[in-house]
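Novice: how would this look folded up:
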Amino acid sequence: MFNFTPTPQRGALSGDEYQPLKGHIHKFLVESIEEEQASVDEWPRPLLRRYVDQKVHDYIQRARLPVNQREMEALVGELIDELVGYGPIQPLIADDTISDILVNGAKRVYVEKRGRLEETGVRFMDDRHVQRIIQRIIAPLGRRLDESNPMVDARLPDGSRVNAIIAPLALDGPCLSIRKFRKEPLTGGDLLAYQTLSDEMLEFMRTAVRNRASVLISGGTGAGKTTLLNVLSQSIPPEERLVTIEDAAELSLGHPHVVRLETRPANLEGQGEVTARDLVRNALRMRPDRIILGEVRGVEVMDMLQAMNTGHAGSMTTIHANTPRDALSRLELLAGFAGFSGREDTLRSWVASAIDIVIQIARMPGGERKVISIDEVTGYADDKITLHEIFHYDRAERRFSRSNTFAVGSRSGEGLERPAGGALRGGYHGR
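Specialist: Residues are numbered from 1 along each chain as shown. Purely as a prediction, here's the structure:
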């Protein structure tokens, strides 16, 4: 059993003393549970709290430790999180105002709130403590993280996306990144309230989606691509059948007829991997009206473009790029990596015929997200894909604007019309 070393009475614990004390009590608690063969994982929360409270109280009394009531309550709560939760970051996971949790080793934990990163006072005991919490996250998923496999992607039961990387790749201790899953998906009204876009832009995009325009959402990491994809999907008519494909399921469409598919990494023997390309190909056999690919980043681009060109108009995906032109160039690049062996002009024409609308979203220096442009793909001419900007965000004046003219005639022949009075009429009607 644990060996107690009495400590002389004095004032409240300092910050440097608190973490070691927590480590000692945690060890004592684990030994007690093992000795008593207590099934704490199955206990209701009130029973677990009474048990831990009693054990902590016994330890502190027998060791004559100078712990006040506030520290006692904090110790009990944190030790419960260590036993059945995610340790020091459990309160951050439970905080709905936090969108990202970033652990850089044992002593530095950051969160993103309202678009801004800030350092927290959360600390782990040491790097082994960080790695133990990472293992607790990935163990139920059958994922492995060790020196031979030092990177892993996973997700929490609530859908939050997790990435972890350890030594020898992470030089300053284990790193953990959690992109939290929002319980209540944002709506178009929320984006208007946050001034992410204008009323006219939102109505245009909704009309484009309803009329089966194929949409590519472009932006950097954390720009809000998946959020915008979620919002746009809410405009898909309820009678249509959707198939979503993601590496880590984040989309929450609220649509009555959705089939959700998720990729799978290889197992410990290197077998059983299911890629996004595998799922796109399988989705084509599932009679979808639209395919929604969470992000295009590899060889699946070929199958996605083919789907958009062969009866699945209105499909949507996202891509990492800084401008609409860069987004289309990246599609070409990925197609090349996927083994496309035809002529360059054939590939560009194929991309141009697949994508109708490119929406560029960005995170501003202050943390807010803005839809900074909406472009129509008008075709292919003079060896390049032609784009026509419809809406634009002026960063200097901090306002949204629309172009004075729309492209004359889309591929459907219906086009984007502006009557003499200047009001948008009808929106985009797809192919």
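
Novice: Give me the neighbour count for the closest residue to residue 146 other than its chain neighbours.
Specialist: In space, and not counting its chain neighbours, residue 146 is closest to residue 166: 7.9 Å by CB to CB, 6 or more residues apart in numbering. For the C-beta atoms, the positions are set from N, CA and C on the backbone; glycine is no exception. Under the neighbour criterion other CB atoms under 10 Å, residue 166 is assigned a count of 21.

Novice: Okay, residue 166 and residue 85: tell me how far apart.
Specialist: Going from residue 166 to residue 85 by CB to CB, to the nearest Å gives 21 Å.

Novice: cool, residue 41 as well?
Specialist: In terms of CB to CB, residue 41 sits 11 Å off from residue 85.

Novice: More neighbours: which of the two?
Specialist: Higher neighbour count among residue 41 and residue 85: residue 85, with 18 against 9, using other CB under 10 Å.

Novice: can you give me the helices in this structure?
Specialist: 15-36, 45-63, 69-84, 90-94, 127-138, 188-193, 199-210, 225-233, 276-283, 300-309, 324-337, 344-354 (DSSP state H).

Novice: mind checking which of these is nearest residue 400?
Specialist: helix 199-210 (6.3 Å; CB to CB).

Novice: other SSEs contacting the closest one?
Specialist: Applying 3 or more CB pairs under 8 Å, 6 or more residues apart in numbering; DSSP states H and E, one finds that helix 199-210 contacts helix 188-193, strand 215-219, helix 225-233, strand 357-363, strand 369-381, strand 384-394, strand 399-402.

Novice: For it, the averaged confidence score.
Specialist: Averaging pLDDT along helix 199-210 yields 95.

Novice: what comes into contact with that helix?
Specialist: The contact list for helix 199-210, computed with CB atoms under 8 Å, 6 or more residues apart in numbering, reads 188, 191-192, 197, 215, 232-233, 235-237, 314, 316, 356-357, 359, 371, 374, 390-391, 400, 402, 424, 426-428, 430.

Novice: which stretches of the stretch 1-150 of the chain have low pLDDT?
Specialist: In the predicted model of the stretch 1-150 of the chain, residues 1-17 satisfy pLDDT under 70.

Novice: mind redoing it with 50?
Specialist: 1-11 (pLDDT under 50).

Novice: what about stretch 174-185, distance to the chain center?
Specialist: Here stretch 174-185 is found 6 Å from its chain centre; the criterion is CA atoms, centre = their mean, to the nearest Å.

Novice: roughly how far apart are the most centrally placed residue in the chain and residue 91?
Specialist: Taking CA atoms, centre = their mean, the centroid of the chain lies closest to residue 179, which sits 4.9 Å from it. Distance of residue 179 to residue 91, computed by CB to CB: 17 Å.

Novice: and what of residue 134?
Specialist: Here residue 134 is placed at a distance of 18 Å from residue 91 (CB to CB).
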